[in-house]
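Peer 1: Sequence and computational prediction follow.
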Amino acid sequence: MEIKDSYELPLPKERVWAALNDEEFLKKSIPWCEKLERRSETELAAEVKLKIGPMSTRFIGSITLSDIDPPNGYTITGSGKGGIAGAASGSARVKLVETKDTSSTTLSYEVSAQVKGKIAQLGSRLIQSTAKKLSKNFFGSFVQQLEDINKSK
Amino acid sequence: MYSTKYVKPNSTTEALEAIKSLGDGKFLAGGMTLIPTLKQRLASPDGLVDLSGCKLDSIAEEGETLKIGAMARHVSVAESAVVKKVIPALAKLADGIGDRQVRNRGTIGGSVANNDPSACYPSAVLALKATIHTNNRSIAADDFFTGMFETALEDDEIIESISFSKPTKANYVKFPNPASRYAMVGVFVAQFGDEVRVAVTGAGEGGVFRHQEMESVLSSNFSADSLSSVNIDSDGLISDLHASAEYRANLIKEMTKRAVV
Amino acid sequence: MNEVTKIDGIGSSVRRTEDKKFLTGKGKYTDDINRPGQVQAYFLRSDVAHAKIKKIDVKDAQSAPGVVGVFTGDDIAADKVGGPICGWVVPCRDGSATKEPPHPLLAQGKVRFVGDAIAVVLAETAEQAKSGAELIEVDYEELSPVVDFENAGEGAQIHDEVPNNCYFDWELGDEKATADALSSAKKIVKLRVRNNRLVPNAMEPRCALAEFDNLDDSYTLHTTSQNPHLTRLVLAAFMFAIPESKLRVIAPDVGGGFGSKIYVYIEEAVCVWASKKVGRPVKWTADRTQAFLTDCHGRDHVNDVQLGLDENNKIVGLRVDTVCNLGAYLSAFSVVVPTYLHGTLLSGQYDIPAIYTNVKGMATNTVNVDAYRGAGRPEATYLLERTMETAAREVGMDPAEFRRINFIPKGAFPYQTQVALQYDIGDYEPHLDKAMEMIDYSNFEKRRAEAAKRGMYRGIGISSYIEACGLAPSAVVGALGGRVGQWESASVRVNPTGTISVFTGSHSHGQGHATTFAQIVADKLGIPMENVEVVHGDTDKTPFGMGSYGSRSLASGGSAISKAVDKIINKSKKIAAHLLEASEDDIDFKDGKFVVGGTDKEKAFGEIALAAYVPHNYPLETLEPGLEENAFYDPTNFVYPSGTHIAEVEVDPATGVVQVVDWAACDDFGNLVNPMIVEGQVHGGIAQGIGQALLEDAHYDENGQLLTASYMDYCMPRADDLPSFKVGYTTTPSTVNDLGVKGCGEAGAIASPPALINAVIDALSPLGVTDMSMPATPQKVWKAIQDSQSVAAE
Ligand SMILES: Cc1cc2nc3c(=O)[nH]c(=O)nc-3n(C[C@H](O)[C@H](O)[C@H](O)COP(=O)(O)OP(=O)(O)OC[C@H]3O[C@@H](n4cnc5c(N)ncnc54)[C@H](O)[C@@H]3O)c2cc1C
């Protein structure tokens, strides 16, 4: 399952890259994030309460950053265990490309998601749509925050 | 299922009090979606507030609308003489939901509150310009469905009834998922004089949606043939084991053609 | 014949006597049975497909509310309890043996599929056991999962004992002769077909209730089994090393099996083990998700077929290369299903002078695959009948006529095939002719044209199948690698009043044995059927028997009963001779009466029974009192049901929906004991075959997660997916058994999938579609139509 999208941001690449590495930014972007704590340069502990219809499950896990190529992009991977519901992980390959005049940046991402256990067994019809929705939520609110800050300046 | 509290109030007022006192409580309607989720332990609410004692199951014609109580079971809608007379397409829709057991328990309010992307009722609500009446406000259908399993309902807000505008003509055609018999694609077409509304369920990643292009084509020429030129974009459509987005796009057009009679 | 036997005997469609309790919800299944003080078991299962277990922490679970015990693989290993065994192995091409890796009752060191049991939690209630299991922490080191069985050889090794993930690489037939035949053939038809993976879906999920009696160190196990005696043998002799007498196995009412309840599963064994460990009865009931994840699945083959034809379109040779998926562990019959129950059927109904087949059985990180209604024979029939259809199309012959010219001629029986079997008897043209007549084959093109006017594509498809069933001659089974005998047993007890208790080694889990077996006895003894009771399913009550699968109950179990009844009649004649003061040779038995030939002196069967138990006037010097006989029947050959099914479908090109509009099934099952039950079996079999061809598909994703683990996604056939079936028969009585019966339980599931797929391809042939894989879902059919149109447009 591959999910792709991209956003144009009226900001230089360095600024976007900084935000991508700012845990406050990330925390506000991760949908239903209840806890995010830095454990190391590349790892954060995370707790997310995911609600899909009548289902509501707390996932406990981590966010890791890899393939780090400042300021051009990285891979951000979230994985968590949802107890009896199973486990889920999603990995987004994020790329930043600046326009020639460095005034704006294209953020593009490619997501792959994996689910295990009950969520896979019972919810297969919803996996793709949910993964898409969560990626959209994440990058959408990330971009929104940046734009809001930019505007308020 | 984890053990949980259960209360059965006699009115919506009591139900609201009950849910507030419970913390993270859930309303229980027909339980056809909620109970299996609880049995699988995929949710663990602090308690269940059963709405079946709240007298929300009336069905009546009210002026230019047909008003159906949230707790009306699918079987009651399917068999109601009023529904059959005023909006037969709605009775047909209810009659095609799931199986007999599901129709005997499941409710219109539960279906609409749940807003499953594959549920049938949301398409009728949207196409028939319905108004959702809750304990403290009325919400127009166009503002109600906000995404997959998401609605404009606040936490602890109860749907009390739904009033549907009487159409000149309406029809619902569904292509069932062969396994679950939920809608793989369901299309509700409603004509109000010159205006035509086409709501599609089962297909959109964000849940039920109206198809503007088909609406305008049908508004100027209400015939299946007129749809031939319409191109259904597969972008944003659900892709799963049973049907790709492309196949769903094909079904949307085909089911709409079949609904236009 | 008197009135009663006319109604009840062999050949009458008596209503099933067992149905009243089932239809009124009064059946008594294992889960309906409870024992004082019982605890409930819950199995913690792996949710990853392939991983090393680094650590299992059960501490929190042990102290959870209601929890009585938590055990892991190490606890069981400490008690030296073995795992389930493979009941039949085959030699490999290179002379080596089938690789048989151990299957621990609870995972040890590694998990090998999603659903593999890691620990068992025992608690006062099932919910408490489940909650306890949630507190167990398992630390995995994930390994790369092997899901695609065709390329499993290149994947990570699943068992140390199974190099290249290949359990066996087996062959049958003459490779050289077949190569020669194919190279001299005028035409070679090539086809690659896939037999989709199925979940058996018995209505009753598996369940076990084990108890240990410390007064005499014995166990009692109630379980959902198709063969309680085999379960006892395997558990006692191979897994627990206890005398069989110390284990009683009872399979009460069982709600369907379709093969999936033949084998001993780890859960039953763990319950037995744990019942002694905690000193309380232990009960476990699977929920539907566990059934999807852990019941053995069926089919899952890929076959490459080459069929050679001469200038007259006669078959000269057939080569089939098969790769099949056997899953994470070798289940009891998993090896024989794709080999001796598959490779030996490749001659079908056809006279094929050279056949060769190679089968590779692969290990993957999916649940075990084993017998499912038809077991091997549906796969053989599917590839052969799809190939026959394709060949007929390629040479431009009518598919019916192409089959006809290649049938084994009537006069050629007994017919020795090139793949080990010898068909005792058969006559194939009559059932082809009759099926064609039943469906009005000759007017099909008119119906196609009429459908076309409505915008629908109509197609017709044939499948002429044969199967070998009634498992089976023990000597043959043994020579081919089977580790058990395949006889069947019966004990017939005449009660003092002349009523009969039949104790059978067969097991009924929906087949209607209580009715059919009673009919045989009633017919032979000339007594009303109500006077015959059939007892099965309890190792303490019934003689050692092999159970029910492989359409063997009537041919083997029924024959054993028939033989025991013959013994009863023989002894009764001796008693009658004494009572009637005649010579035994002069006694005739007819219509329930023993008559001195040529006189009016007679004794009714009831009088003989009474004399046997109240032997006041009885030849005690020469004859034992009482009237009870055992028989063990070991057939000399398989029985070979055959037939032709013809399906007619309509395809809606706008949606790809295939509607089955007509179906003719003409089967040769030999003599029919109860035609109504036979018809029911045919209907059920076809329904399952239509399920396989149109709807059912077990789907694992690339990580080994089962995505079709509920009825939301796994599609079972429903009544409105099926047409009204036309069922007919031809009859060549089996020469193997006295009753002249064959088997009918699996035939429908064997015959139907290729008939249906052939019909779909025929329907779409005007569009240039030549292939279609199972299941032919609406999306797949629609896509094939789209693709054919874009090809046409190019
Ligand atoms: C096998 C099967 C097949 C089905 N097939 C179909 C189908 O073909 N088409 C279709 O449309 N549906 C189908 N359904 C769903 C069915 O229609 C259910 O009735 C529906 O999903 C939920 O309604 P319910 O009354 O059972 O609600 P519940 O399961 O009791 O509740 C669902 C959710 O809605 C909330 N809720 C319920 N009532 C209210 C209210 N009045 N106000 C606020 N919140 C409320 C609950 O808190 C819960 O979160 C199927 C279900 C099953 C089990």
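Peer 2: That came through, no problem. As the structure is a prediction and not an experimental result, all values here were calculated from the model.

Peer 1: Can you tell me how far C:W273 is from chain A?
Peer 2: 25 Å (C-beta to the nearest C-beta, to the nearest Å). From N, CA and C alone the C-beta is placed, and that goes for glycine too.

Peer 1: got the contact list for B:L51?
Peer 2: B:T12, B:A15, B:F27, B:L28, B:A29, B:A70, B:M71, B:G109, B:I158 (C-beta atoms under 8 Å, 6 or more residues apart in numbering or on different chains).

Peer 1: Same check on C:M438?
Peer 2: C:I646, C:A664, C:C666, C:K726, C:G728.

Peer 1: which of the residues you listed count as buried?
Peer 2: C:I646, C:A664, C:C666, C:G728 (16 or more other C-beta atoms under 10 Å in any protein chain shown).

Peer 1: so after the top strand by length along chain B, what's the next helix or strand?
Peer 2: Determined from DSSP state E, the single longest strand within chain B is strand B:183-192. Next helix or strand after strand B:183-192 toward the C-terminus (DSSP states H and E): strand B:195-201.

Peer 1: tell me the mean pLDDT for that next one?
Peer 2: Per-residue pLDDT over strand B:195-201 has a mean of 98.

Peer 1: Kindly provide the distance from the residue in chain C positioned nearest to chain B to the ligand.
Peer 2: Closest residue of chain C to chain B, C-beta to the nearest C-beta: C:C715 (3.7 Å). As judged by C-beta to the nearest ligand atom, to the nearest Å, C:C715 and the ligand stand 12 Å apart.

Peer 1: Next: C:P723.
Peer 2: The value you get for C:P723 to the ligand, if C-beta to the nearest ligand atom is used, is 24 Å.

Peer 1: Next: B:D116.
Peer 2: 6 Å.

Peer 1: Also C:V565?
Peer 2: 49 Å.

Peer 1: How many residues are close by that residue?
Peer 2: 23 (other C-beta atoms under 10 Å in any protein chain shown).

Peer 1: any idea which element it lies in?
Peer 2: Judged by DSSP H and E, C:V565 forms part of helix C:559-580.

Peer 1: Which elements pack onto the very next helix or strand once past that helix?
Peer 2: Per DSSP H and E, the first helix or strand lying C-terminal to helix C:559-580 is strand C:587-590. Contacts defined by 3 or more C-beta pairs under 8 Å, 6 or more residues apart in numbering or on different chains; DSSP states H and E place strand C:587-590 against helix C:559-580, strand C:593-596.

Peer 1: Out of those, which is closest to chain A?
Peer 2: Nearest of the helices and strands packed on strand C:587-590 (C-beta to the nearest C-beta): helix C:559-580, 43.0 Å.

Peer 1: ranges for the helices of chain A?
Peer 2: For chain A, helices defined by DSSP state H occupy the ranges A:13-20, A:23-29, A:118-122, A:124-152.

Peer 1: export those to JSON lines and tack on mean pLDDT, distance to chain C and mean neighbour count?
Peer 2: Formatted as JSON lines, the helices of chain A follow (pLDDT from 0 to 100; distance: least, C-beta to the nearest C-beta, whole Å; neighbours: other C-beta atoms under 10 Å in any protein chain shown):
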{"stretch": "helix A:13-20", "mean pLDDT": "94", "distance to chain C": "28", "mean neighbour count": "19"}
{"stretch": "helix A:23-29", "mean pLDDT": "89", "distance to chain C": "26", "mean neighbour count": "16"}
{"stretch": "helix A:118-122", "mean pLDDT": "91", "distance to chain C": "3", "mean neighbour count": "24"}
{"stretch": "helix A:124-152", "mean pLDDT": "88", "distance to chain C": "4", "mean neighbour count": "18"}
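
Peer 1: Between those helices, which one is closest to C:H222.
Peer 2: For the helices of chain A, distance to C:H222 was read as C-beta to C-beta. The smallest value, 28.1 Å, belongs to helix A:118-122.

Peer 1: how distant is the closest one from the center of its chain?
Peer 2: 22 Å (C-alpha atoms, centre = their mean, to the nearest Å).

Peer 1: and it, what does it pack onto?
Peer 2: helix C:288-294.

Peer 1: And the average pLDDT for the helix it packs on is what?
Peer 2: Here the average pLDDT along helix C:288-294 is 97.

Peer 1: check whether that helix contacts the ligand.
Peer 2: No: counting by C-beta under 6 Å from any ligand atom, no contacts exist between helix C:288-294 and the ligand, the nearest distance being 12.3 Å.

Peer 1: Toward the C-terminus, what is the element adjacent to that helix?
Peer 2: Following helix C:288-294 in sequence, per DSSP H and E, is strand C:298-309.

Peer 1: Give me the packing partners of that next one, helices and strands only.
Peer 2: helix C:175-184, strand C:187-198, strand C:315-327, helix C:377-395.

Peer 1: now for these, which one comes closest to chain A?
Peer 2: strand C:187-198 (15.4 Å).

Peer 1: The closest one - contacts with which helices or strands?
Peer 2: Partner elements for strand C:187-198 (3+ C-beta pairs under 8 Å, 6+ apart): strand C:298-309, helix C:377-395.
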